[in-house]
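S.K.: Sequence isn't available, so here's the structure alone:
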(Lines give C-alpha, C1' and ligand atoms only; values in the text may rest on other atoms or scores of the structure.)
Protein backbone atom coordinates (compact mmCIF):
# COMPACT_ATOMS: atom_id res chain seq x y z
CA UNK A 1 0.00 0.00 0.00
CA UNK A 2 2.89 2.36 0.66
CA UNK A 3 4.24 1.75 -2.85
CA UNK A 4 0.79 2.44 -4.26
CA UNK A 5 0.45 5.61 -2.18
CA UNK A 6 3.87 6.80 -3.32
CA UNK A 7 3.17 6.37 -7.04
CA UNK A 8 -0.32 7.85 -6.77
CA UNK A 9 0.86 10.62 -4.38
CA UNK A 10 -1.77 9.72 -1.76
CA UNK A 11 -1.00 11.64 1.45
CA UNK A 12 -1.70 10.62 5.03
CA UNK A 13 -3.95 12.64 7.33
CA UNK A 14 -0.89 14.75 8.09
CA UNK A 15 -0.34 15.42 4.39
CA UNK A 16 2.69 13.14 3.98
CA UNK A 17 3.29 10.85 1.03
CA UNK A 18 5.35 7.81 2.11
CA UNK A 19 8.90 7.80 0.71
CA UNK A 20 10.19 5.11 -1.65
CA UNK A 21 13.47 3.26 -1.17
CA UNK A 22 15.67 2.48 -4.15
CA UNK A 23 19.26 1.88 -5.16
CA UNK A 24 21.97 3.78 -7.02
CA UNK A 25 24.26 2.12 -9.50
CA UNK A 26 27.67 1.79 -7.84
CA UNK A 27 26.43 2.19 -4.27
CA UNK A 28 25.38 -0.48 -1.80
CA UNK A 29 23.50 1.92 0.49
CA UNK A 30 19.80 2.51 -0.21
CA UNK A 31 18.53 5.87 -1.38
CA UNK A 32 15.21 7.50 -0.64
CA UNK A 33 12.95 9.55 -2.89
CA UNK A 34 10.21 11.72 -1.49
CA UNK A 35 7.19 13.34 -3.09
CA UNK A 36 5.86 16.51 -1.46
CA UNK A 37 2.50 18.04 -2.30
CA UNK A 38 2.76 21.78 -2.90
CA UNK A 39 -0.71 22.95 -3.84
CA UNK A 40 -1.52 21.33 -7.19
CA UNK A 41 2.13 20.43 -7.81
CA UNK A 42 4.11 17.36 -6.74
CA UNK A 43 7.77 18.04 -5.93
CA UNK A 44 10.18 15.09 -5.87
CA UNK A 45 13.49 15.01 -4.02
CA UNK A 46 16.17 12.33 -3.69
CA UNK A 47 18.15 11.86 -0.48
CA UNK A 48 21.81 10.82 -0.98
CA UNK A 49 24.60 10.21 1.51
CA UNK A 50 28.00 11.82 1.02
CA UNK A 51 29.46 8.93 -0.97
CA UNK A 52 26.45 8.81 -3.27
CA UNK A 53 26.52 12.56 -3.78
CA UNK A 54 30.22 12.31 -4.70
CA UNK A 55 29.41 9.59 -7.26
CA UNK A 56 26.89 11.89 -8.91
CA UNK A 57 29.13 14.98 -8.69
CA UNK A 58 32.07 13.16 -10.25
CA UNK A 59 29.93 11.80 -13.05
CA UNK A 60 30.64 8.15 -12.12
CA UNK A 61 26.98 7.33 -11.51
CA UNK A 62 23.61 8.94 -12.00
CA UNK A 63 21.33 5.96 -12.49
CA UNK A 64 18.70 5.43 -9.83
CA UNK A 65 16.39 2.43 -9.61
CA UNK A 66 13.04 2.38 -7.81
CA UNK A 67 10.33 -0.30 -7.77
CA UNK A 68 7.33 0.51 -9.96
CA UNK A 69 5.15 -1.93 -8.03
CA UNK A 70 5.17 -4.55 -5.34
CA UNK A 71 3.60 -7.88 -4.59
CA UNK A 72 0.35 -8.37 -2.72
CA UNK A 73 0.92 -8.64 1.07
CA UNK A 74 0.70 -11.99 2.79
CA UNK A 75 -2.53 -13.90 2.28
CA UNK A 76 -3.64 -13.59 5.92
CA UNK A 77 -3.15 -9.81 6.03
CA UNK A 78 -4.93 -9.27 2.72
CA UNK A 79 -7.84 -11.61 3.45
CA UNK A 80 -8.46 -9.98 6.83
CA UNK A 81 -8.41 -6.57 5.14
CA UNK A 82 -10.94 -7.81 2.57
CA UNK A 83 -13.10 -9.34 5.28
CA UNK A 84 -13.22 -6.02 7.15
CA UNK A 85 -14.07 -4.04 4.02
CA UNK A 86 -16.71 -6.59 3.02
CA UNK A 87 -18.47 -6.31 6.38
CA UNK A 88 -18.35 -2.52 6.23
CA UNK A 89 -19.76 -2.60 2.70
CA UNK A 90 -22.62 -4.82 3.84
CA UNK A 91 -23.29 -2.43 6.73
CA UNK A 92 -23.31 0.50 4.30
CA UNK A 93 -25.89 -1.25 2.12
CA UNK A 94 -28.16 -2.06 5.07
CA UNK A 95 -27.65 1.10 7.09
CA UNK A 96 -30.88 2.71 5.92
CA UNK A 97 -32.92 -0.47 6.37
CA UNK A 98 -34.90 -1.08 9.54
CA UNK A 99 -32.97 -3.58 11.64
CA UNK A 100 -30.18 -3.73 9.07
CA UNK A 101 -27.31 -3.29 11.51
CA UNK A 102 -28.88 -5.73 13.97
CA UNK A 103 -29.08 -8.26 11.15
CA UNK A 104 -25.35 -7.95 10.47
CA UNK A 105 -24.51 -8.32 14.15
CA UNK A 106 -26.80 -11.25 14.80
CA UNK A 107 -26.74 -13.16 11.51
CA UNK A 108 -24.82 -16.41 12.06
CA UNK A 109 -23.84 -16.53 8.38
CA UNK A 110 -21.36 -13.71 9.07
CA UNK A 111 -19.87 -15.23 12.23
CA UNK A 112 -16.92 -16.88 10.50
CA UNK A 113 -15.84 -13.93 8.37
CA UNK A 114 -16.46 -11.57 11.30
CA UNK A 115 -14.15 -13.65 13.50
CA UNK A 116 -11.56 -13.74 10.73
CA UNK A 117 -11.70 -9.97 10.29
CA UNK A 118 -11.36 -9.29 14.01
CA UNK A 119 -8.96 -12.01 15.14
CA UNK A 120 -7.64 -13.86 12.09
CA UNK A 121 -8.69 -17.22 13.53
CA UNK A 122 -8.87 -18.80 10.08
CA UNK A 123 -5.23 -19.23 9.07
CA UNK A 124 -5.91 -19.75 5.36
CA UNK A 125 -8.79 -17.74 3.90
CA UNK A 126 -8.07 -17.62 0.16
CA UNK A 127 -8.98 -14.72 -2.08
CA UNK A 128 -8.71 -14.09 -5.82
CA UNK A 129 -6.57 -11.25 -7.16
CA UNK A 130 -5.93 -9.96 -10.68
CA UNK A 131 -5.50 -6.66 -12.51
CA UNK A 132 -8.51 -5.66 -14.60
CA UNK A 133 -7.25 -2.25 -15.80
CA UNK A 134 -4.20 -0.04 -15.49
CA UNK A 135 -3.78 1.95 -12.29
CA UNK A 136 -3.40 5.18 -14.23
CA UNK A 137 -6.31 4.57 -16.58
CA UNK A 138 -7.92 7.94 -17.23
CA UNK A 139 -11.04 7.49 -19.30
CA UNK A 140 -14.80 7.26 -19.01
CA UNK A 141 -15.84 4.26 -16.88
CA UNK A 142 -19.42 3.67 -15.74
CA UNK A 143 -20.30 7.12 -17.03
CA UNK A 144 -17.62 8.86 -14.94
CA UNK A 145 -14.59 10.65 -16.32
CA UNK A 146 -11.10 10.41 -14.83
CA UNK A 147 -8.98 7.92 -12.93
CA UNK A 148 -10.87 5.18 -11.09
CA UNK A 149 -9.53 4.89 -7.54
CA UNK A 150 -11.81 2.23 -6.07
CA UNK A 151 -15.10 0.45 -6.68
CA UNK A 152 -16.87 -2.57 -5.22
CA UNK A 153 -19.93 -4.77 -5.51
CA UNK A 154 -21.29 -8.14 -4.41
CA UNK A 155 -21.68 -11.25 -6.54
CA UNK A 156 -24.37 -13.80 -5.64
CA UNK A 157 -23.79 -16.94 -7.70
CA UNK A 158 -26.37 -19.51 -8.78
CA UNK A 159 -24.82 -21.88 -6.22
CA UNK A 160 -25.83 -19.59 -3.36
CA UNK A 161 -22.35 -18.20 -2.65
CA UNK A 162 -21.86 -14.53 -1.82
CA UNK A 163 -18.62 -12.85 -2.91
CA UNK A 164 -17.32 -9.37 -2.20
CA UNK A 165 -15.44 -7.87 -5.15
CA UNK A 166 -13.22 -4.83 -4.58
CA UNK A 167 -11.03 -2.98 -7.09
CA UNK A 168 -8.24 -0.65 -5.94
CA UNK A 169 -6.54 1.24 -8.75
CA UNK A 170 -7.45 -1.55 -11.15
CA UNK A 171 -6.47 -4.49 -8.93
CA UNK A 172 -9.51 -6.68 -8.36
CA UNK A 173 -9.63 -8.55 -5.02
CA UNK A 174 -12.41 -11.04 -4.32
CA UNK A 175 -13.29 -12.89 -1.12
CA UNK A 176 -16.01 -15.42 -0.34
CA UNK A 177 -18.14 -14.02 2.48
CA UNK A 178 -19.60 -17.43 3.29
CA UNK A 179 -16.33 -19.23 4.01
CA UNK A 180 -12.65 -19.82 3.18
CA UNK A 181 -13.14 -21.12 -0.36
CA UNK A 182 -12.56 -19.34 -3.68
CA UNK A 183 -13.15 -22.16 -6.18
CA UNK A 184 -16.72 -21.06 -6.78
CA UNK A 185 -15.54 -17.66 -7.99
CA UNK A 186 -13.00 -19.25 -10.31
CA UNK A 187 -15.79 -21.42 -11.73
CA UNK A 188 -17.97 -18.35 -12.23
CA UNK A 189 -15.14 -16.60 -14.09
CA UNK A 190 -14.68 -19.59 -16.40
CA UNK A 191 -18.40 -19.64 -17.12
CA UNK A 192 -18.50 -15.90 -17.86
CA UNK A 193 -15.41 -15.35 -20.05
CA UNK A 194 -13.37 -13.97 -17.10
CA UNK A 195 -15.39 -10.76 -17.02
CA UNK A 196 -15.22 -8.81 -13.77
CA UNK A 197 -18.49 -8.75 -11.77
CA UNK A 198 -17.87 -5.00 -11.56
CA UNK A 199 -18.50 -4.84 -15.33
CA UNK A 200 -21.09 -7.59 -15.71
CA UNK A 201 -24.87 -7.75 -15.57
CA UNK A 202 -26.32 -4.49 -14.27
CA UNK A 203 -22.75 -3.14 -14.05
CA UNK A 204 -22.04 -3.70 -17.75
CA UNK A 205 -21.22 -0.67 -19.85
CA UNK A 206 -24.21 0.61 -21.80
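M.R.: Done, it's in. What you see is a predicted model; the values in this text were computed from it and never measured.
S.K.: From here on, just use CA atoms for contacts and neighbour counts.
M.R.: Fine.
S.K.: quick one, domains of this structure?
M.R.: Domains of the chain are assigned by automatic domain parsing as 2-65, 75-203.
S.K.: Residue ranges in this structure under the pLDDT threshold?
M.R.: Scanning the chain for pLDDT under 70 picks out 1, 69-75, 137-147, 205-206.
S.K.: ok, back up a step: pipe the domains of the chain into JSON lines and attach mean neighbour count per row.
M.R.: Below are those laid out as JSON lines (neighbours: other CA atoms under 10 Å):
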{"stretch": "domain 2-65", "mean neighbour count": "14"}
{"stretch": "domain 75-203", "mean neighbour count": "16"}
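S.K.: so what's the closest residue to residue 35 other than its chain neighbours up against?
M.R.: Excluding the flanking residues, the one nearest residue 35 by CA to CA, 6 or more residues apart in numbering is residue 44, at 4.4 Å. Shown in contact with residue 44 (CA atoms under 8 Å, 6 or more residues apart in numbering): 33, 34, 35, 36.
S.K.: Packing partners of the one helix or strand the last one maps to?
M.R.: In this case it means residue 36. Using DSSP states H and E, the element containing residue 36 is strand 31-38. Using 3 or more CA pairs under 8 Å, 6 or more residues apart in numbering; DSSP states H and E, the elements in contact with strand 31-38 are strand 20-24, strand 41-47.
S.K.: Return the backbone torsion pair for residue 51.
M.R.: The phi/psi pair for residue 51 (degrees, to the nearest 10) reads phi -60, psi -40.
S.K.: pretty sure residue 115 contacts residue 121?
M.R.: Yes - the criterion here is CA atoms under 8 Å, and residue 115 meets it with residue 121 at 6.5 Å.
S.K.: about what we covered before: how close does the residue nearest to residue 35 sit to residue 19?
M.R.: For residue 44, the distance to residue 19 equals 10 Å [CA to CA, to the nearest Å].
S.K.: Need the overlap of contacts for these two.
M.R.: 33, 34, 35.
S.K.: out of the contacts of residue 44, which one sits closest to residue 189?
M.R.: Residue 189 lies nearest to residue 35 out of those, by CA to CA, at 38.9 Å.
S.K.: Could you measure from the residue of the chain positioned farthest from its centre over to residue 49?
M.R.: Computed with CA atoms, centre = their mean, the residue of the chain farthest from its C-alpha average is residue 58, at 41.6 Å. Between residue 58 and residue 49 the computed distance is 14 Å (CA to CA).
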